[in-house]
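Engineer: Next one to model:
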Amino acid sequence: MLLKNYLTLLAIGFIWGSQFIFQDIALVSFSPIWIGATRAAIGAITLVVICKSLGVKRSSNQWVLFSVIGLLEAAIPFVLVPWGQQDLDSSIAAILMGTLPFYVLLLAPIFVKGATINAANSISVIVGFSGLLVLFYPELSSGAGEINLVSASAIIVAAVCFAIALLLLNRVRDEHPLIVAQNVLLTASIQLIVIALITAPFEYQVASTTAIFSILYLGTICAGVVYYLYMMCIKNAGSVFTSMTNYIVPAVGVFIGALVTNDSIQTNTWVALLMILCALFINQILSRHKQTA
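Structural biologist: Alright, predicted model coming up:
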């Protein structure tokens, strides 16, 4: 189970880390809000097809809970993050989003019955966040990333929404992770389409083949498949461990970006990745030690 948790988290990190390249391609033909809405809808359809083909059925009706999770997990962040990133350096935005595990740690006792702030989670979150700072140290030390307080606040609010949504998923009972992922994306896609129609009415334009392929990849893999892995990781390893995807994703994004552009990978990137992996080991090993003690 321990190895399965690591592999699941690394798979999530790799898939979400690959999304940045495909988003850049899709942005040539589509607006950010419609990319988010279309991505969620395709992801939901993908999971509906998978559930039907595997014969997985829902065992309870918790649509109010799923709607709230969808709002916090996708609708609100999909609006706030792109808006906030307009006036923020990407490294600053990544670090602000990297505070998500802290919010999960602090809010867990409020939203999850019996949850406590323990040493395993606290140490792993601090080590992981330190790795994120190391990853973006060159950009931070250059002074290139100026902080707009309003934009930064938008990113932080989005991170808090993600954290609460992640914790609320612990309240979903007697449901297969595929059904949970499907229902969250279904409610989120409806909300995002409504927001998109209000804020950015759809205007048809000829899209390139690569942009269409990118949308399909973002929907089927970066929404559909990865959300199933995400729900499964929460169920098996807990909210704090799963929230550390926010440390892995930027590192993977830097690696993939360097490979695509044939740039050399800097020493700080390797150090950051090692620190992030250490944070994951600390979380799981100390948690297991506490359970067996």
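
Engineer: what's Ser208 sitting at in phi/psi?
Structural biologist: Taking degrees, to the nearest 10, you get phi -70, psi 160 for the backbone angles of Ser208.

Engineer: before we move on, what about the one 10 residues further on?
Structural biologist: Main-chain torsions, Leu218, degrees, to the nearest 10: phi -60, psi -40.

Engineer: how much space between it and Val226?
Structural biologist: 10 Å (Cβ to Cβ, to the nearest Å). Where you see a C-beta, it was placed from the backbone N, CA and C, and this is true even at glycine.

Engineer: pLDDT below threshold where in the stretch 101-250 of the chain?
Structural biologist: Residue ranges of the stretch 101-250 of the chain with pLDDT under 70: 143-146, 202-204.

Engineer: List the contacts of the closest residue to Gly98 other than its chain neighbours.
Structural biologist: Nearest non-adjacent residue to Gly98, counting by Cβ to Cβ, 6 or more residues apart in numbering: Leu132, 4.3 Å away. Counting by Cβ atoms under 8 Å, 6 or more residues apart in numbering, Leu132 makes contact with 94-95, 98, 247, 250, 272, 276.

Engineer: Which helix or which strand is home to Leu132?
Structural biologist: Using DSSP states H and E, Leu132 sits in helix 119-135.

Engineer: immediately after that helix, which helix or strand?
Structural biologist: Counting by DSSP H and E, the next helix or strand C-terminal to helix 119-135 is helix 137-141.

Engineer: still on that earlier bit, format the contacts of Leu132 as TSV; extra columns: secondary structure.
Structural biologist: Shown next, in TSV, are these (DSSP: H, G, I helix; E, B strand; the rest coil):
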residue	secondary structure
Ala94	helix
Ile95	helix
Gly98	coil
Tyr247	helix
Pro250	helix
Ala272	helix
Ile276	helix
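
Engineer: Compare those residues and tell me which is most surrounded.
Structural biologist: Highest neighbour count within the contacts of Leu132: Tyr247, with 31 neighbours (other Cβ atoms under 10 Å).

Engineer: can you map out the helices along the stretch 101-250 of the chain?
Structural biologist: Per DSSP state H, counting those that start in this stretch, the stretch 101-250 of the chain carries helices over the ranges 119-135, 137-141, 149-168, 177-199, 209-219, 226-237, 239-243, 245-261.
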